[in-house]
Each structure stands twice: as C-alpha cells, then as structure tokens.
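Peer 1: Here's a sequence, model it:
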Amino acid sequence: MFVHLGNDVMADIKNIIGVFDIEKITASKTTRNFLSAAGKLGRVVYCSYEMPKSFIVCLDENLTETVYISQLAPATICKRIRNITIGKFD
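Peer 2: Numbering: from 1, shown residues only. I've put the predicted structure just below:
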C-alpha cells in the first residue's frame, strides 16, 4: 500500500521508517547533518516547494535511504498511514 506525501509523490508504507516534524527535529545538529548528507547523495525528494512541515525517511529493499520533504504535517501523514493499515479510507 502507498501513502500520498504531497503533489504526485507516493511512498510504499512498508518502506517508511520514520515521519518527523521538520521544525522540531532540525534543531539537532545530527539531524541537520543527516539531511545534508542525503541531499549531497541525491537522496532527497521534494514533494512540494511550499514551506516544508515534515520529512519522511524510507529504506528500500536495497537498503537505500530516501528522504521525502513534504508540506504536509506529520500528523496528517501518520493519520493517512493509520487509515490505510486498518482499512479505513476518508
């Protein structure tokens, strides 16, 4: 199953390892370094060029990380994931 992360971007739920609030978590130097490294490796996908509210870390079957930067709030993404996994669609 896939979850919509913004615009035309979807991610496979089984690959998502974390959904983070970009404002709260980027205060950490470690997180900033992680996002910077992912960007340098070309592993960042911008779901929109609007003000970002969250970032989603995915790990595919080849153990390659992809970071999605989304304009959607983390709570919205988590709600979508929860609704999909329990079979409840709005």
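Peer 1: Check the burial of A27 by counting its neighbours.
Peer 2: 8 (other CB atoms under 10 Å). Where you see a C-beta, it was placed from the backbone N, CA and C, and this is true even at glycine.
Peer 1: Now do the same for it: helix, strand or coil?
Peer 2: The three-state label for A27, taken from DSSP: H, G, I helix; E, B strand; the rest coil, comes out as coil.
Peer 1: Any chance of the backbone angles for it?
Peer 2: Geometry field for A27 lists phi and psi as phi -70, psi -20, criterion degrees, to the nearest 10.
Peer 1: Buried residues in the helix or strand of the chain with the lowest mean pLDDT, which are they?
Peer 2: Of the helices and strands making up the chain, the lowest-confidence element is helix 22-25, at a mean of 88, by mean pLDDT, DSSP states H and E. The neighbour-count check on helix 22-25 (16 or more other CB atoms under 10 Å) flags I22, I25 as buried.
Peer 1: change the start of the numbering to 5 and stick with it
Peer 2: Fine by me, first position is 5 from now on; the one you just mentioned is helix 26-29.
Peer 1: Give the other helices and strands that that helix contacts.
Peer 2: If contacts are counted by 3 or more CB pairs under 8 Å, 6 or more residues apart in numbering; DSSP states H and E, helix 26-29 sits against strand 58-63.
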